Structure formats: C-alpha cells, structure tokens
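*Asks:* Pasting a predicted model and its sequence here:
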Amino acid sequence: MEKGALVGRRTFIAASVATTLAGCTSHGSDTTDAGTSSSSTSAESATSSSGTDKNGDTERRRTETTVSVGSVVKDDTLAMVVRRVTTEEELGEFRDAEEGKTFAVIRMAVKNRGSEFIDFEDFLDASVVDGENRTYDPSISSPDHPIRSGVLAPGEVVRGDMVFEVPKGASELSLRLDFDSFTSFRFEQVTVSLGKKADSVADLKQSLDDVLSSGEKASHGGVSVAVHGVRTTTQLNEITDATDGHEFVVPDIEITNDGDERLLVSTLLQMHVKTGAGLAYTADIGASSGLKQPLNESSDIESGESHRGELAYQVETGTKPLYWAFNFLEADEPYKGFWKLR
C-alpha cells in the first residue's frame, strides 16, 4: 500500500535553581507516556510588542512571557513546557563538569498544535541567565536524550534535554528561549524561572496522524521510503550486546530514488526511532555496522536505484509504542513520515 505526499524531495541532504542552583532537583524522571493528558498554566507575567512592516501595516502582536517549571506556554501553533530541572556532576562515562561547576539538565517538551508541518530550529537560540545577568550557552556535552530541533509533524511532540554547565553557586537561574525567527509563534521570548515550580506540572500528549505500518510506502517528489519489517534482539552478533535494561530495535528500511539526480541521505539527520511520549533515538552506528545488511549511507543513491538495509536503535526494554520517523529536510515544504514499529 502506498501513501503519497509524506516525504519531501531534495537533491542533497547531509551533514555529516529555591533561588540557588541547589534548589534544583538532583534526581528525577520524566515518566510521561502516550496517554498522559495535556494541561496548561497561564503565563505569570507577559509583555506585548507590535510594529509595522515595510508597507506601514501593523504586524502581528508578539509577546514576551515568564513562567515557572511545569507551566505550559502555547498558542495555536506551538505548545511548550519545561518538565523538570536536575543537576549532574557528570554526563555519561567521559564528561565530568569542570571543578566548581555542575551540569543543569533541563527536560522539555514541545508540540506542534497546528495542522501543517513546521520547521522548528529555535532550540539553537537558548541560554541560561543567572541573577547577576551572566549568560551561559548550551553545553557541547550530549545527554542521553537531547531535545532535537527540526521538522515537527502535526500533533508531534519532541521531548528531551538541554544541558548547561554553570557555577555551583549560581543563583536565580532562568532559561531564556528566543523565537525571533519563528514568527508564527505568538511568543517572541519565553523565560522559565528554573527555581520556581508550578503547583501541578503540566505535560503534552502526542497525537500523530497518518502513521504507516510495516510494508507501506510513502512517496513524494521522486523519493520512496518503506519499512519492510522490524525485529527486536538483545544481541546483534557475538560481540554486540545491548546494555542492561535495553534492547535493539532493528527496522528493515528501503529508500528508492525515483528522480533524475543522485540522492544522499543521512541517518543522523533524517531517521529516528521515537516513543509515544516524543523521545527520539538515533541509530547506534557502531552496532549497525555489525549487521549483516546495514543500510548504506556512505554512497549516493543513483537515479532508479534503491538502498535497502537495517539500522539498529538501542532503546529501553519494552518501550512502546515505538515509531520509525523519516524526516525529509525540505526547506519550502517540510515533511515527515512515521511507521509504527510496535
């Protein structure tokens, strides 16, 4: 079965806190699943601004707002909430905070509330500001679930963490998100007071449309994508085992170039496994290289040819529902397709 207009076309796509920090929660988990309801809390403070465009017409009024952790900021286009803030001395096995500093890990969720695909890149314009107006940029250290910018499908939730390395004694920390370029969002700037928490921590529910099943194909603009099946295992081969509490989910993927020009795809930028709550996983490249037939992304797909193979994603055991998502990075008409794996 084929469903069209789910995947865009492009010739080349690749790229290869309490007023002190001690007031932040030191541990915690975001246990949201697909059935969690969405609620919202009104902004605690807001200011509005308007202007005129080059023709003298009044532009859409945009607002700046300040909220607490757990409060939803939303309009008809987008909804967002900071779910929790934790502090960590290390991230993974190889990254410790510098002496006198700590990692502030901010778990966020964002939902596309509109009916169109949107290209949302404004997580890149985020900073943490302390009570002395010192600014901290996002850390290059990557958490287990980094929040990912990019194309959001209607009803899709993206969930994950942003990390900032800050002095242990820093006080009155706030997360500042600027949406200068995302003009369809009513809020030009959102500030979250990380040392304040709403009475009830709100959340966002994912509600995907047009989810495909194994064996179904999505085609658009000369590109066809299909998932032929999926398998689950804790051992890919004699030397590759999943870590404790995890398993490998391995979809069988085929990408066909029906156009006239060569096509290059990227597993990192275009292909993810997503949970019902919106957490995303990238392919485990090391594990995938040990597959008998891994998906080949090291060479172009010539006109009229296909690349078929498997990718290994390591996820928490028993996580469901799970989807495989293909994101076509089309600047004019962003598209994204979803296949239900289980």
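*Replies:* Thanks, I have it. Worth saying up front: this structure is predicted, and the values here are computed from it rather than measured. Numbering: from 1, shown residues only.

*Asks:* just for the stretch 201-342 of the chain, where's the confidence low?
*Replies:* 329-332 (pLDDT under 70).

*Asks:* what's the closest non-adjacent residue to Val227?
*Replies:* Trp339 (4.2 Å; C-beta to C-beta, 6 or more residues apart in numbering). (Each C-beta comes from the backbone N, C-alpha and C, glycine too.)

*Asks:* same for the one helix or strand the one you found maps to, what does it pack against?
*Replies:* Using DSSP states H and E, Trp339 maps to strand 335-340. In terms of contacts (3 or more C-beta pairs under 8 Å, 6 or more residues apart in numbering; DSSP states H and E), strand 335-340 is packed against strand 150-152, strand 211-212, strand 322-328.

*Asks:* helices or strands next to the second one in the packing?
*Replies:* In this case it means strand 211-212. Checking 3+ C-beta pairs under 8 Å, 6+ apart, strand 211-212 ends up next to strand 335-340.

*Asks:* residue contacts, the residue nearest to Val227?
*Replies:* By C-beta atoms under 8 Å, 6 or more residues apart in numbering, the contact set of Trp339 is Val211, Leu212, Ser213, Ser214, Glu216, Val227, Pro251, Tyr323, Trp324, Ala325, Phe326.

*Asks:* those strands in the stretch 1-150 of the chain, which residues are they?
*Replies:* 2-4, 45-49, 62-69, 73-74, 78-88, 90-91, 95-96, 101-112, 118-120, 126-129, 135-136, 150-152 (DSSP state E, counting those that start in this stretch).

*Asks:* Including distance to Arg231, mean neighbour count and mean pLDDT, could the ones you listed go into a markdown table?
*Replies:* A markdown table is the format used below for these (distance: least, C-beta to C-beta, whole Å; neighbours: other C-beta atoms under 10 Å; pLDDT from 0 to 100):
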| stretch | distance to Arg231 | mean neighbour count | mean pLDDT |
| --- | --- | --- | --- |
| strand 2-4 | 24 | 12 | 43 |
| strand 45-49 | 50 | 11 | 56 |
| strand 62-69 | 40 | 20 | 93 |
| strand 73-74 | 39 | 24 | 96 |
| strand 78-88 | 32 | 22 | 95 |
| strand 90-91 | 31 | 16 | 84 |
| strand 95-96 | 33 | 15 | 86 |
| strand 101-112 | 30 | 24 | 95 |
| strand 118-120 | 32 | 19 | 83 |
| strand 126-129 | 38 | 18 | 95 |
| strand 135-136 | 43 | 14 | 96 |
| strand 150-152 | 27 | 22 | 87 |
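
*Asks:* which stretch among those comes nearest Arg308?
*Replies:* Comparison of the strands of the stretch 1-150 of the chain against Arg308 by C-beta to C-beta identifies strand 2-4 as nearest, at 16.6 Å.

*Asks:* So for the residue sitting nearest the centre point of the chain, what's the pLDDT?
*Replies:* Centroid-nearest residue in the chain, with C-alpha atoms, centre = their mean: Arg148, separated by 3.1 Å. Per-residue confidence (pLDDT) for Arg148: 80.
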